[in-house]
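**Student:** quick one: sequence plus predicted model below, questions after.
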Amino acid sequence: MVQAGLGEFLFVFIFFIVGLILPLSMVIINFVLGPRVYGEKRLVPYESGMPPIKTAWMQFGASYYLFALIFLAFDVDVLYLFPVLLSYQRGTGFSELVELFIFLFLLSLAIVYAWRKGVFKWK
């Protein structure tokens, strides 16, 4: 059995340290150099440079929610497909290919179901 030396984990340790120091340093620099302006404009929500029209407690249609859920589900599915496709570069068997096509079939079936339910139509 081959033992992993400290040199093999040096890059992971450096990445971990930089991942801790960089965000902390940005927060500290912002706290030290950032302006301290307090007033009524600070409490107003800012959205794309436009003043707000109504309060934040307004109702949205369910189609926005359903569209976001569908997007999230397919986004996760696409993230799943990347490692699967990378594993095919190393060469895998026929059964894995069949499983991939079953997964893609179920994914396309979900798209057809959402389409038939009218999730993609804006009203």
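**Tutor:** Everything's here; your move. Residues are numbered from 1 along each chain as shown.
**Student:** any idea how many residues pack against the closest residue to residue 114 other than its chain neighbours?
**Tutor:** Nearest non-adjacent residue to residue 114, counting by CB to CB, 6 or more residues apart in numbering: residue 70, 5.4 Å away. For every residue, glycine as well, the C-beta is placed using N, CA and C. Taking other CB atoms under 10 Å as the criterion, the count of residues near residue 70 is 17.
**Student:** now swap in the one 5 residues further on and tell me
**Tutor:** By the other CB under 10 Å criterion, the neighbourhood of residue 75 contains 10 residues.
**Student:** that one and residue 107, how far apart?
**Tutor:** Separation of residue 75 from residue 107 (CB to CB, to the nearest Å): 12 Å.
**Student:** show me where this structure dips below the pLDDT cut-off.
**Tutor:** Applying pLDDT under 70 to the chain picks out residues 1-6, 43-49, 51-52, 54-56, 89-92, 122-123.
**Student:** longest helix of it?
**Tutor:** In the chain, taking DSSP state H as the definition, the longest helix is helix 62-87.
**Student:** next structured bit after that helix?
**Tutor:** Following helix 62-87 in sequence order, the next helix or strand is helix 94-117 (DSSP states H and E).
**Student:** what is that following helix packed up against?
**Tutor:** The criterion is 3 or more CB pairs under 8 Å, 6 or more residues apart in numbering; DSSP states H and E, and the helices and strands that helix 94-117 contacts are helix 62-87.
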